[in-house]
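Trainee: Quick check, what structure comes out for this input:
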Amino acid sequence: MIKNNQEESPMGRWISYRPELKILDCTVRDGGLMNNHLFDDETVKAIYTACVDAGIDYMEIGYINSRRLFAPAEHGAWKYCGEDDIRRIVGENNTPLKLSAMADAEKSDYREDILPCDQSVLDMIRVAAYIHQIPLALDMIKDAHDKGYETTLNLMAVSTVIERELDEALELLGKSEVGTIYIVDSFGTLYSEQIHLLVDKYMSYAKPKGKKVGMHAHNNQQLAFANTIEAIIKGADMLDASMAGLGRGAGNCPMELLVGFLHNPKLRLRPILQCIQENIEPMRKDLMWGFGVPYMLTGLLNQHPRTAMSFNGGAERSDIVKFFDLITEEE
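Mentor: Just a heads-up that it's a prediction; the model follows:
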(Lines give C-alpha, C1' and ligand atoms only; values in the text may rest on other atoms or scores of the structure.)
Protein backbone atom coordinates (compact mmCIF):
# COMPACT_ATOMS: atom_id res chain seq x y z
CA MET A 1 0.00 0.00 0.00
CA ILE A 2 1.39 3.42 -0.94
CA LYS A 3 1.17 5.71 2.05
CA ASN A 4 0.66 9.45 2.07
CA ASN A 5 3.69 11.54 2.93
CA GLN A 6 2.43 12.33 6.43
CA GLU A 7 2.02 8.63 7.23
CA GLU A 8 5.57 7.67 6.31
CA SER A 9 8.61 7.54 8.52
CA PRO A 10 10.88 10.62 8.41
CA MET A 11 13.40 8.66 6.32
CA GLY A 12 10.80 7.15 4.01
CA ARG A 13 10.91 9.30 0.88
CA TRP A 14 13.70 11.87 0.77
CA ILE A 15 16.61 9.50 1.26
CA SER A 16 16.78 8.44 -2.41
CA TYR A 17 16.15 11.91 -3.89
CA ARG A 18 19.05 13.62 -5.62
CA PRO A 19 18.02 16.28 -8.14
CA GLU A 20 21.11 15.89 -10.34
CA LEU A 21 20.24 12.28 -11.20
CA LYS A 22 19.15 11.83 -14.82
CA ILE A 23 17.15 8.91 -16.19
CA LEU A 24 17.46 7.58 -19.73
CA ASP A 25 14.77 5.32 -21.17
CA CYS A 26 16.34 2.65 -23.42
CA THR A 27 13.16 0.65 -24.12
CA VAL A 28 13.17 1.02 -27.90
CA ARG A 29 16.93 0.71 -28.39
CA ASP A 30 17.66 -2.21 -26.05
CA GLY A 31 14.23 -3.81 -26.39
CA GLY A 32 14.64 -3.71 -30.14
CA LEU A 33 17.37 -6.33 -29.83
CA MET A 34 14.55 -8.80 -29.16
CA ASN A 35 12.60 -8.06 -32.37
CA ASN A 36 15.14 -6.54 -34.81
CA HIS A 37 13.72 -3.12 -33.91
CA LEU A 38 10.48 -3.93 -35.70
CA PHE A 39 8.34 -1.75 -33.45
CA ASP A 40 5.39 -0.08 -35.07
CA ASP A 41 5.02 3.69 -34.88
CA GLU A 42 2.17 3.44 -32.38
CA THR A 43 4.40 1.64 -29.87
CA VAL A 44 7.31 4.04 -30.25
CA LYS A 45 4.96 7.01 -29.99
CA ALA A 46 3.41 5.57 -26.84
CA ILE A 47 6.83 5.14 -25.22
CA TYR A 48 7.81 8.68 -26.23
CA THR A 49 4.58 10.11 -24.83
CA ALA A 50 4.99 8.17 -21.60
CA CYS A 51 8.54 9.48 -21.18
CA VAL A 52 7.35 13.06 -21.71
CA ASP A 53 4.39 12.72 -19.35
CA ALA A 54 6.45 10.91 -16.70
CA GLY A 55 9.19 13.54 -16.61
CA ILE A 56 11.97 11.26 -17.87
CA ASP A 57 15.14 13.14 -18.85
CA TYR A 58 16.29 11.25 -21.98
CA MET A 59 14.76 8.74 -24.38
CA GLU A 60 17.02 6.57 -26.52
CA ILE A 61 14.99 6.03 -29.66
CA GLY A 62 17.27 3.44 -31.28
CA TYR A 63 20.58 2.88 -33.04
CA ILE A 64 22.27 4.79 -35.81
CA ASN A 65 23.87 1.72 -37.33
CA SER A 66 24.91 0.86 -40.86
CA ARG A 67 22.42 -0.09 -43.54
CA ARG A 68 25.34 -1.84 -45.29
CA LEU A 69 25.86 -4.18 -42.34
CA PHE A 70 22.24 -4.59 -41.22
CA ALA A 71 19.84 -5.25 -44.08
CA PRO A 72 16.86 -2.88 -43.97
CA ALA A 73 14.64 -5.74 -45.16
CA GLU A 74 15.36 -7.53 -41.87
CA HIS A 75 15.34 -4.64 -39.41
CA GLY A 76 12.98 -1.89 -38.40
CA ALA A 77 13.55 1.84 -38.66
CA TRP A 78 14.95 2.06 -35.12
CA LYS A 79 18.09 0.20 -36.13
CA TYR A 80 19.05 3.28 -38.16
CA CYS A 81 17.14 6.28 -36.70
CA GLY A 82 16.88 8.27 -39.88
CA GLU A 83 15.89 11.86 -39.18
CA ASP A 84 12.59 11.57 -41.06
CA ASP A 85 11.64 8.48 -39.06
CA ILE A 86 12.38 10.17 -35.74
CA ARG A 87 10.46 13.31 -36.66
CA ARG A 88 7.52 11.19 -37.74
CA ILE A 89 7.21 10.20 -34.07
CA VAL A 90 8.29 13.32 -32.17
CA GLY A 91 7.86 16.22 -34.59
CA GLU A 92 10.14 19.00 -33.35
CA ASN A 93 10.07 17.51 -29.84
CA ASN A 94 9.07 20.75 -28.18
CA THR A 95 9.25 19.14 -24.75
CA PRO A 96 11.82 18.95 -21.91
CA LEU A 97 12.60 15.34 -22.92
CA LYS A 98 15.96 15.00 -24.64
CA LEU A 99 16.41 12.40 -27.38
CA SER A 100 19.39 10.15 -27.96
CA ALA A 101 20.54 7.39 -30.29
CA MET A 102 23.35 4.87 -30.01
CA ALA A 103 26.11 4.20 -32.52
CA ASP A 104 28.01 0.92 -32.22
CA ALA A 105 31.75 0.95 -32.86
CA GLU A 106 32.49 -0.91 -36.13
CA LYS A 107 28.77 -1.07 -36.94
CA SER A 108 27.98 2.55 -37.69
CA ASP A 109 28.69 4.80 -40.66
CA TYR A 110 28.80 7.59 -38.13
CA ARG A 111 30.53 10.25 -40.19
CA GLU A 112 27.82 10.15 -42.85
CA ASP A 113 24.73 9.03 -40.93
CA ILE A 114 24.98 11.27 -37.86
CA LEU A 115 23.86 14.73 -38.92
CA PRO A 116 25.11 17.94 -37.33
CA CYS A 117 23.11 18.52 -34.15
CA ASP A 118 21.52 21.72 -35.50
CA GLN A 119 19.99 19.63 -38.29
CA SER A 120 18.65 16.93 -36.02
CA VAL A 121 16.03 16.55 -33.31
CA LEU A 122 18.51 14.37 -31.38
CA ASP A 123 20.37 15.85 -28.42
CA MET A 124 22.77 13.06 -27.46
CA ILE A 125 24.85 10.41 -29.24
CA ARG A 126 25.80 7.37 -27.21
CA VAL A 127 28.80 5.42 -28.45
CA ALA A 128 28.91 1.72 -27.54
CA ALA A 129 32.25 -0.05 -27.68
CA TYR A 130 34.14 -3.04 -26.35
CA ILE A 131 37.53 -2.46 -24.78
CA HIS A 132 39.49 -3.21 -27.96
CA GLN A 133 37.40 -0.64 -29.83
CA ILE A 134 38.30 2.32 -27.61
CA PRO A 135 40.53 4.02 -30.23
CA LEU A 136 37.64 4.01 -32.71
CA ALA A 137 35.20 5.04 -29.99
CA LEU A 138 37.31 8.09 -29.17
CA ASP A 139 37.06 9.19 -32.80
CA MET A 140 33.30 8.61 -32.77
CA ILE A 141 32.96 10.67 -29.60
CA LYS A 142 34.95 13.52 -31.08
CA ASP A 143 32.87 13.40 -34.27
CA ALA A 144 29.60 13.61 -32.30
CA HIS A 145 30.95 16.28 -29.96
CA ASP A 146 32.18 18.40 -32.84
CA LYS A 147 28.73 18.10 -34.43
CA GLY A 148 27.25 19.64 -31.27
CA TYR A 149 25.87 16.63 -29.36
CA GLU A 150 26.04 15.57 -25.76
CA THR A 151 27.94 12.29 -25.67
CA THR A 152 28.33 9.12 -23.63
CA LEU A 153 30.66 6.17 -23.93
CA ASN A 154 29.06 2.86 -23.00
CA LEU A 155 31.94 0.47 -22.31
CA MET A 156 30.32 -2.89 -22.91
CA ALA A 157 30.99 -6.16 -21.10
CA VAL A 158 33.09 -4.51 -18.41
CA SER A 159 32.93 -7.77 -16.46
CA THR A 160 35.35 -9.28 -19.01
CA VAL A 161 37.91 -6.44 -18.98
CA ILE A 162 41.19 -6.84 -17.10
CA GLU A 163 41.97 -4.02 -14.69
CA ARG A 164 45.05 -2.68 -16.44
CA GLU A 165 43.19 -2.30 -19.73
CA LEU A 166 40.24 -0.69 -17.96
CA ASP A 167 42.50 1.86 -16.30
CA GLU A 168 44.14 2.71 -19.62
CA ALA A 169 40.75 3.13 -21.32
CA LEU A 170 39.39 5.31 -18.52
CA GLU A 171 42.45 7.52 -18.62
CA LEU A 172 41.95 8.07 -22.35
CA LEU A 173 38.23 8.71 -21.88
CA GLY A 174 38.96 11.17 -19.11
CA LYS A 175 40.97 13.21 -21.58
CA SER A 176 38.35 12.95 -24.32
CA GLU A 177 35.30 15.09 -25.13
CA VAL A 178 32.84 12.53 -23.72
CA GLY A 179 30.33 13.80 -21.15
CA THR A 180 29.38 10.55 -19.39
CA ILE A 181 31.21 7.23 -19.07
CA TYR A 182 28.89 4.28 -18.53
CA ILE A 183 29.44 1.10 -16.57
CA VAL A 184 27.66 -1.55 -18.66
CA ASP A 185 26.93 -4.93 -17.09
CA SER A 186 26.23 -6.49 -20.46
CA PHE A 187 25.98 -10.05 -19.16
CA GLY A 188 24.14 -9.30 -15.91
CA THR A 189 26.97 -10.88 -13.96
CA LEU A 190 28.04 -8.19 -11.48
CA TYR A 191 27.29 -8.03 -7.76
CA SER A 192 27.05 -5.01 -5.46
CA GLU A 193 30.67 -5.19 -4.31
CA GLN A 194 31.85 -5.05 -7.91
CA ILE A 195 29.51 -2.15 -8.66
CA HIS A 196 31.02 -0.25 -5.73
CA LEU A 197 34.56 -0.83 -6.97
CA LEU A 198 33.71 0.07 -10.55
CA VAL A 199 31.85 3.27 -9.72
CA ASP A 200 34.73 4.36 -7.48
CA LYS A 201 37.21 3.64 -10.27
CA TYR A 202 35.17 5.36 -12.98
CA MET A 203 34.57 8.36 -10.70
CA SER A 204 38.30 8.71 -10.00
CA TYR A 205 38.89 9.30 -13.72
CA ALA A 206 35.64 11.11 -14.59
CA LYS A 207 35.02 13.52 -11.73
CA PRO A 208 38.34 15.45 -11.92
CA LYS A 209 37.58 16.09 -15.60
CA GLY A 210 34.02 17.27 -14.95
CA LYS A 211 32.45 14.12 -16.41
CA LYS A 212 29.60 11.98 -15.14
CA VAL A 213 29.37 8.24 -14.54
CA GLY A 214 26.38 6.23 -15.74
CA MET A 215 24.96 2.77 -15.04
CA HIS A 216 23.40 0.35 -17.53
CA ALA A 217 22.41 -2.94 -15.90
CA HIS A 218 21.03 -6.23 -17.18
CA ASN A 219 18.79 -8.46 -15.12
CA ASN A 220 20.20 -11.97 -15.58
CA GLN A 221 20.51 -12.50 -11.83
CA GLN A 222 17.60 -10.19 -10.91
CA LEU A 223 20.08 -7.56 -9.78
CA ALA A 224 19.61 -4.83 -12.40
CA PHE A 225 17.54 -2.62 -10.09
CA ALA A 226 19.62 -3.39 -7.03
CA ASN A 227 22.88 -2.69 -8.86
CA THR A 228 21.48 0.57 -10.20
CA ILE A 229 20.68 1.60 -6.62
CA GLU A 230 24.23 0.69 -5.58
CA ALA A 231 25.61 2.82 -8.40
CA ILE A 232 23.45 5.76 -7.26
CA ILE A 233 24.72 5.40 -3.70
CA LYS A 234 28.32 5.51 -4.94
CA GLY A 235 27.75 8.62 -7.05
CA ALA A 236 26.55 7.64 -10.53
CA ASP A 237 24.39 10.39 -12.04
CA MET A 238 23.08 8.86 -15.30
CA LEU A 239 20.79 5.86 -15.02
CA ASP A 240 19.42 3.62 -17.76
CA ALA A 241 16.10 1.84 -17.42
CA SER A 242 13.35 0.45 -19.65
CA MET A 243 9.64 0.02 -19.29
CA ALA A 244 8.83 -3.35 -17.73
CA GLY A 245 12.55 -4.02 -18.12
CA LEU A 246 12.15 -4.60 -21.88
CA GLY A 247 15.63 -5.24 -23.22
CA ARG A 248 17.95 -7.83 -24.67
CA GLY A 249 17.64 -11.23 -23.00
CA ALA A 250 16.87 -10.84 -19.31
CA GLY A 251 16.19 -7.17 -19.88
CA ASN A 252 17.22 -4.03 -18.05
CA CYS A 253 16.50 -2.18 -14.83
CA PRO A 254 12.71 -1.68 -14.85
CA MET A 255 11.76 1.97 -15.24
CA GLU A 256 8.78 1.62 -12.93
CA LEU A 257 11.00 0.41 -10.08
CA LEU A 258 13.57 3.15 -10.59
CA VAL A 259 11.00 5.95 -10.76
CA GLY A 260 9.32 4.61 -7.63
CA PHE A 261 12.64 4.51 -5.80
CA LEU A 262 13.90 7.97 -6.71
CA HIS A 263 10.93 9.92 -5.32
CA ASN A 264 11.81 12.89 -7.49
CA PRO A 265 8.75 15.19 -7.38
CA LYS A 266 9.01 15.87 -11.12
CA LEU A 267 8.55 12.17 -11.96
CA ARG A 268 5.16 10.54 -12.49
CA LEU A 269 4.65 6.79 -12.34
CA ARG A 270 1.16 6.53 -13.82
CA PRO A 271 2.10 7.28 -17.48
CA ILE A 272 4.74 4.57 -17.30
CA LEU A 273 2.29 2.03 -15.92
CA GLN A 274 -0.24 2.93 -18.59
CA CYS A 275 2.35 2.43 -21.35
CA ILE A 276 3.42 -0.90 -19.85
CA GLN A 277 -0.17 -2.10 -19.60
CA GLU A 278 -1.25 -1.03 -23.07
CA ASN A 279 1.89 -1.33 -25.17
CA ILE A 280 4.71 -3.28 -23.51
CA GLU A 281 3.17 -6.27 -21.74
CA PRO A 282 1.19 -7.36 -24.84
CA MET A 283 4.58 -8.02 -26.52
CA ARG A 284 5.96 -10.26 -23.75
CA LYS A 285 4.56 -13.55 -25.07
CA ASP A 286 6.32 -13.12 -28.41
CA LEU A 287 9.51 -11.36 -27.31
CA MET A 288 10.07 -13.39 -24.12
CA TRP A 289 12.41 -10.95 -22.41
CA GLY A 290 12.96 -10.97 -18.66
CA PHE A 291 14.44 -13.17 -15.98
CA GLY A 292 14.62 -16.90 -16.65
CA VAL A 293 16.98 -19.70 -15.70
CA PRO A 294 18.89 -19.78 -19.03
CA TYR A 295 19.65 -16.07 -18.67
CA MET A 296 20.55 -16.61 -15.03
CA LEU A 297 23.07 -19.26 -16.05
CA THR A 298 24.78 -17.06 -18.65
CA GLY A 299 24.97 -14.35 -16.03
CA LEU A 300 26.53 -16.67 -13.48
CA LEU A 301 29.10 -17.79 -16.06
CA ASN A 302 29.81 -14.25 -17.32
CA GLN A 303 28.72 -15.19 -20.83
CA HIS A 304 26.92 -13.27 -23.56
CA PRO A 305 23.18 -14.15 -23.44
CA ARG A 306 23.03 -15.06 -27.15
CA THR A 307 23.09 -18.79 -26.31
CA ALA A 308 20.17 -18.39 -23.91
CA MET A 309 18.26 -16.30 -26.44
CA SER A 310 18.71 -19.02 -29.04
CA PHE A 311 17.70 -21.74 -26.58
CA ASN A 312 14.60 -19.84 -25.48
CA GLY A 313 13.54 -19.62 -29.11
CA GLY A 314 13.67 -23.40 -29.55
CA ALA A 315 11.25 -26.23 -28.87
CA GLU A 316 13.17 -27.44 -25.81
CA ARG A 317 13.21 -24.14 -23.93
CA SER A 318 11.62 -25.72 -20.84
CA ASP A 319 14.52 -28.18 -20.48
CA ILE A 320 16.72 -25.96 -18.33
CA VAL A 321 18.90 -28.89 -17.24
CA LYS A 322 19.80 -29.54 -20.86
CA PHE A 323 20.77 -25.90 -21.25
CA PHE A 324 22.90 -26.08 -18.13
CA ASP A 325 24.71 -29.13 -19.53
CA LEU A 326 25.11 -27.41 -22.88
CA ILE A 327 26.82 -24.28 -21.58
CA THR A 328 28.92 -25.97 -18.90
CA GLU A 329 30.29 -28.86 -20.95
CA GLU A 330 33.29 -26.79 -21.95
CA GLU A 331 33.91 -25.45 -18.46
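Trainee: Distance of Met34 relative to Gly76?
Mentor: Distance, Met34 to Gly76, using C-beta to C-beta, to the nearest Å: 12 Å. All C-beta atoms are positioned from the backbone trio N, CA, C, and that covers glycine.
Trainee: meant to ask about Lys147, not that
Mentor: With distances taken as C-beta to C-beta, Lys147 is found 25 Å from Gly76.
Trainee: Count the neighbours of the residue nearest to Arg88 when sequence neighbours are not counted for me.
Mentor: Closest residue to Arg88 in three dimensions, ignoring its sequence neighbours and counting by C-beta to C-beta, 6 or more residues apart in numbering: Asp41, at 6.7 Å. Residue neighbour count, defined by other C-beta atoms under 10 Å, stands at 11 for Asp41.
Trainee: And Asp41, its phi and psi?
Mentor: phi -60, psi -40 (degrees, to the nearest 10).
Trainee: and if you look at Lys22?
Mentor: Its backbone dihedrals place Lys22 at phi -120, psi 140, with angles given as degrees, to the nearest 10.
Trainee: quick one: it and Ile56 touch, right?
Mentor: No: assessed by C-beta atoms under 8 Å, Lys22 is found out of contact with Ile56, at 9.0 Å.
Trainee: What segments of the stretch 201-331 of the chain are strands?
Mentor: Along the stretch 201-331 of the chain, the segments classed as strands by DSSP state E, counting those that start in this stretch run 212-217, 238-241.
Trainee: any idea of the mean pLDDT for the shortest one?
Mentor: When you say that, I think you mean strand 238-241. When pLDDT is averaged over strand 238-241, the result is 98.
Trainee: element containing Leu138?
Mentor: Assigned by DSSP states H and E, Leu138 belongs to helix 134-146.
Trainee: what does that helix rub up against?
Mentor: Under the contact criterion C-beta atoms under 8 Å, 6 or more residues apart in numbering, helix 134-146 has outside partners 103, 105-106, 108, 110-111, 114, 125, 127, 129, 151, 153, 155, 169, 172-173, 176-178.
Trainee: Just the pLDDT for Lys3.
Mentor: Per-residue confidence for Lys3 comes out at a pLDDT of 46.
Trainee: And for the one 5 residues further on?
Mentor: Looking at Glu8, its pLDDT stands at 49.
Trainee: what's around the closest residue to Tyr202 other than its chain neighbours, how many residues?
Mentor: With C-beta to C-beta, 6+ apart as the criterion, Tyr202 has its nearest non-adjacent residue at 4.5 Å, and that residue is Val213. Neighbourhood size, Val213 [other C-beta under 10 Å]: 24.
Trainee: Local confidence estimate at Val213?
Mentor: Here, the pLDDT recorded for Val213 equals 98.
Trainee: How about the contacts made by it?
Mentor: Contact analysis of Val213 by C-beta under 8 Å, 6+ apart lists 180-183, 199, 202-203, 206-207, 231, 235-238.
Trainee: Swap in 10 Å and give it another go.
Mentor: Neighbouring residues of Val213 by C-beta atoms under 10 Å, 6 or more residues apart in numbering: 180-183, 198-207, 231, 234-238.
Trainee: For ChimeraX, write the select line for the buried members of the residues you listed.
Mentor: Here is the ChimeraX command that selects the buried residues among the contacts of Val213 (16 or more other C-beta atoms under 10 Å):
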select :180,181,182,183,198,199,201,202,203,205,206,231,234,236,237,238
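Trainee: hang on, the earlier thing: return the residues in contact with the residue nearest to Arg88.
Mentor: For Asp41, the contacting residues are 77, 85, 88-89, taking C-beta under 10 Å, 6+ apart as the criterion.
Trainee: Tell me the one among these nearest to Asp319.
Mentor: Out of the contacts of Asp41, the one with the shortest distance to Asp319 is Ala77. That distance is 36.5 Å, counting by C-beta to C-beta.
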